[in-house]
Every structure is written in structure tokens, then in C-alpha cells.
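S.K.: Structure, please.
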Amino acid sequence: MTSAVCDLLGPFQALSDTEKHKAARLPLKQVVQDEAGDLDDDAFVAIAEDLFLDLDASEAGAGGSSAR
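M.R.: Purely as a prediction, here's the structure:
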């Protein structure tokens, strides 16, 4: 993971769950909108879940911690 991504994730982890959801929607939409068109809330949740599971797995492999 690049230092730029780590710099973004630190403050993100400090957000409440509601704030995380709101903050994640726009980047997710920008990343997938060109490929999939308009996405409903369920699609955003599924994409976010996959991304966070990948992040948790990579942090676990690197010895990092992920508090939920």
C-alpha cells in the first residue's frame, strides 16, 4: 500500500460508521460509475464490503490491526 493511501486511511478510520459510509460513497461511485453506470445502495455496500475485507486481510498479513 502506498504512503498516500495510508495517509488517507488513518483519518478515515477515526470517523464514525455513518461518516465512513458517507465518505466512501463518492470515491466508490467515481471508481465504478464508468464501468457499471448508476449503482444502487446495495451495490455500493457490496463494493465497500469487498474493499474493506481486502484491506483487513492485507493489514492482517502485514501485522497491522483493524479495529471495528
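S.K.: Can you name the next helix or strand after the helix or strand containing residue 11?
M.R.: Using DSSP states H and E, residue 11 falls within helix 3-13. Using DSSP H and E, the next helix or strand after helix 3-13 towards the C-terminus is helix 17-36.
S.K.: model confidence over whichever helix or strand comes after that next one, on average?
M.R.: Once helix 17-36 ends, the next helix or strand along the chain (criterion: DSSP H and E) is helix 41-61. The pLDDT scores in helix 41-61 average 80.
S.K.: Which elements pack onto helix 41-61?
M.R.: If you count contacts as 3 or more C-beta pairs under 8 Å, 6 or more residues apart in numbering; DSSP states H and E, helix 41-61 packs onto helix 17-36. No exception for glycine: its C-beta is placed from N, CA and C like everyone else's.
S.K.: So what touches the helix it packs on?
M.R.: For helix 17-36, contacts defined as C-beta atoms under 8 Å, 6 or more residues apart in numbering pick out 12, 15, 39, 43, 44, 47, 48, 51.
S.K.: before we move on, back to that, find out how far the helix holding residue 11 is from the centre of the chain, if you would.
M.R.: 11 Å (C-alpha atoms, centre = their mean, to the nearest Å).
S.K.: Output that helix as CSV - backbone C-alpha positions only.
M.R.: Extracted C-alpha coordinates of helix 3-13, given in CSV (Å, rounded to 0.1, in the frame of the first residue of the first chain):
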residue,chain,number,x,y,z
SER,A,3,2.0,6.1,1.7
ALA,A,4,-0.7,8.3,0.1
VAL,A,5,-3.3,5.5,0.7
CYS,A,6,-2.0,5.1,4.3
ASP,A,7,-2.3,8.9,4.8
LEU,A,8,-5.9,8.7,3.7
LEU,A,9,-6.9,5.7,5.8
GLY,A,10,-5.6,7.0,9.1
PRO,A,11,-8.2,9.8,9.4
PHE,A,12,-10.8,7.7,7.7
GLN,A,13,-10.5,5.0,10.5
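S.K.: now it against helix 17-36, angle please.
M.R.: 140 degrees (axes from the mean of the first three to the mean of the last three C-alpha atoms, to 10 degrees).
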